[in-house]
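[1] fold the following for me, if possible:
(one chain, ligands or ions: 1)
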Amino acid sequence: MITDAVLAGTALTLHRFPLEQKNRSLQAWDAADEYLLDHITTAYPDARDILILNDAFGALSCTLAARLKDHAQWHITQVSDSFVAQQATRHNLAENQLEWVLDETKLTQLDSLATLPEQCDLILIKVPKNAGLLQHQLSQLSHLAAGIPIVAAGKAKEIHTSTLKSFSHFMQPPTTSLAVKKSRLIFCTTTGKPVADKFPVSWALENTPFTIHNHANVFSRDSLDIGARFFMNYLPAGKKPLRVIDLGCGNGVIGLQTLARLPNAQVTFVDESAMAVASARENVTHNLSDRVDDCQFIQNDCLSDFSPNTADLVLCNPPFHQAQAITDHIAWQMFLQAKHTLRNGGELRIIGNRHLDYLDKLQRLFGNCKVIGNNKKFTVLSSIKRS
Ligand SMILES: C[S@@+](CC[C@H](N)C(=O)[O-])C[C@H]1O[C@@H](n2cnc3c(N)ncnc32)[C@H](O)[C@@H]1O
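    Numbers count the residues shown, from 1 in each chain. Okay, here's the model as predicted:
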């Protein structure tokens, strides 16, 4: 991994998370970060109170903290939906001897459902891939005072007419920069006029009495994922008091349906997205209110720091990308940590696209792997922990 960065003239060491990635060309900052930082260094040299949204691994936060650290009055608010992004930021601050900015609340980390501060000098946005998340965030920003400059940055090919329409809907009409290194900036200003967004959205979960609520950044937010639909046919049933984990729970459909089929189970819903965990909690609360006490809802990086031998069953529909990069390292981390968390005799049950070689991976890791369901697109696999 390349870790030596010079951003707007500031030399930093920046790591991408998780740390042990094999792909050496991946790094913790991109050309859009560079463009954004170069621009604001000359355009807003006096900004001291800065709100940053969607800083992937803390490159923006670390650079600005390093630049502002010798001033008397300054504050950065970092807003992210991602546990991993916030964890990476804390790590990168420490790598650059800036961990004190957290202790002294010079830098505050908020999740994407938290109330934003009402006032600041400058708002920076890394344009998220998920247009719904952008709309949610612009709606939140529309509640701030009028006249605050916003500079957003992203890959030029991911800034569409619809992206600019979203800015116009919630803010003053935007303008854009020329593309530099395939990145573009968007400029606009807050209006001080609150505009509501459409999230969370709800839909009926087929073949159940349940209604599923989804915050803006939740996987398969607008309908049931086809993989999850197939997985539903292979969820356990019965009276055993199982300790189940819905790993990468998204809106929690898998865990919710499992709770309904296992009256004595306890289910832990885990996701790295704050909006996913909030959606899963709302979905249990609204649909199986008498089971909320049987559940835990945890925002975490996979099962890091979970105690060993504490689960009977881990259910998982793993992700295959992170921060716009296609990768299987999160699935692999999930499988490894599921094995660690399961008791001897416990089971990891997953769904995957047939073309991904999860069978081979699980066979190597657990020493056994059985296909328990199959269609043209998906395979449901089961591995038992034997030691
Ligand atoms: C394919 S989706 C499955 C969502 C849901 N279980 C379903 O079947 O509809 C994978 C989920 O893994 C979550 N995820 C990605 N990286 C993660 C990580 N490092 N730790 C925990 N969850 C993660 C994503 O936020 C996403 O909700």
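[2] residue numbers of the stretch 51-200 of the chain in contact with the ligand?
    residue 84 (Cβ under 6 Å from any ligand atom). For glycine as for every other residue, the C-beta is placed from the backbone atoms N, C-alpha and C.
[3] which residues touch the residue in the stretch 51-200 of the chain positioned nearest to the ligand?
    With Cβ to the nearest ligand atom as the measure, residue 84 is the residue of the stretch 51-200 of the chain nearest to the ligand, at 5.4 Å. Listed by Cβ atoms under 8 Å, 6 or more residues apart in numbering, the contact partners of residue 84 are 17-18, 272, 301, 322.
[4] ok, so of those, who is nearest the ligand?
    For the contacts of residue 84, the nearest to the ligand is residue 272 (3.7 Å; Cβ to the nearest ligand atom).
[5] thinking again about what came up before, just the contacts of residue 84 that are near the ligand?
    272, 301.
[6] out of the contacts of residue 84, list just those in helices.
    Using DSSP state H, no member of these falls in helices.
[7] now the contacts of residue 84 in a markdown table, with neighbour count and pLDDT?
    Listed next are the contacts of residue 84 as a markdown table, based on neighbours: other Cβ atoms under 10 Å; pLDDT from 0 to 100:
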| residue | neighbour count | pLDDT |
| --- | --- | --- |
| 17 | 23 | 90 |
| 18 | 16 | 85 |
| 272 | 22 | 97 |
| 301 | 20 | 97 |
| 322 | 19 | 55 |
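[8] picking up where we left off before, what about the residue of the stretch 51-200 of the chain closest to the ligand, distance to residue 309?
    25 Å (Cβ to Cβ, to the nearest Å).
[9] go on, residue 132?
    Residue 132 is 39 Å from residue 309, by Cβ to Cβ.
[10] now swap in residue 254 and tell me
    22 Å.
[11] who has more neighbours, those two?
    residue 254 (27 against 11; other Cβ atoms under 10 Å).
[12] give me the phi and psi for the more buried one.
    Backbone torsions for residue 254, taken as degrees, to the nearest 10, come to phi -70, psi -50.
[13] name the nearest residue to residue 62, sequence neighbours excluded.
    residue 92 (5.0 Å; Cβ to Cβ, 6 or more residues apart in numbering).
[14] secondary structure class for the nearest residue to residue 170 once chain neighbours are set aside?
    Once flanking residues are discounted, residue 170 sits nearest to residue 138: 3.7 Å by Cβ to Cβ, 6+ apart. Per DSSP: H, G, I helix; E, B strand; the rest coil, the secondary structure class of residue 138 is helix.
[15] against residue 6, how distant is residue 138?
    In terms of Cβ to Cβ, residue 138 sits 31 Å off from residue 6.
[16] for the two, indicate the residue with more neighbours.
    residue 138 (23 against 10).
[17] and the residue nearest to residue 170, what does it touch?
    166-167, 169-171, 195, 197.
[18] let's have those in CSV, adding pLDDT, secondary structure and neighbour count.
    Compiled in CSV, the contacts of residue 138 are given as follows (pLDDT from 0 to 100; DSSP: H, G, I helix; E, B strand; the rest coil; neighbours: other Cβ atoms under 10 Å):
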residue, pLDDT, secondary structure, neighbour count
166, 98, helix, 21
167, 98, helix, 24
169, 97, helix, 13
170, 98, helix, 25
171, 96, coil, 22
195, 98, coil, 14
197, 94, coil, 18
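[19] so which strand or helix has the nearest residue to residue 150 once chain neighbours are set aside?
    For residue 150, ignoring the flanking residues on the chain, the nearest one in space by Cβ to Cβ, 6+ apart is residue 123 at 4.4 Å. Per DSSP states H and E, residue 123 falls inside strand 122-126.
[20] re earlier: give me the secondary structure label for the residue of the stretch 51-200 of the chain closest to the ligand.
    Classified using three-state DSSP, residue 84 is helix.
[21] got it, and residue 77?
    Classified using three-state DSSP, residue 77 is strand.
[22] and it, how many neighbours?
    Counted with other Cβ under 10 Å, residue 77 comes out at 19.
[23] which parts of the stretch 201-350 of the chain sit against the ligand?
    Residues of the stretch 201-350 of the chain lying near the ligand (Cβ under 6 Å from any ligand atom): 219-220, 225, 228, 248-250, 253-254, 270-273, 276, 301-302, 317, 319, 330.
[24] mind doing that once more with 5 Å?
    Counting by Cβ under 5 Å from any ligand atom, the residues of the stretch 201-350 of the chain close to the ligand are 219, 225, 228, 248, 250, 254, 271-273, 276, 301-302, 317, 319, 330.
[25] top of those by neighbour count?
    Ranked by neighbours (other Cβ under 10 Å), these are led by residue 271, which has 29 neighbours.
[26] now do that residue, the pLDDT please.
    What the model reports for residue 271 is a pLDDT of 98.
[27] let me see the contact set for it.
    Taking Cβ under 8 Å, 6+ apart as the test, what residue 271 contacts is 248-250, 277, 280, 299-300.
[28] tell me how far the residue lying farthest from the centre of the chain lies from the ligand.
    Distance from the centre of the chain peaks at residue 239, with 34.1 Å (Cα atoms, centre = their mean). Residue 239 is 24 Å from the ligand, where distance means Cβ to the nearest ligand atom, to the nearest Å.
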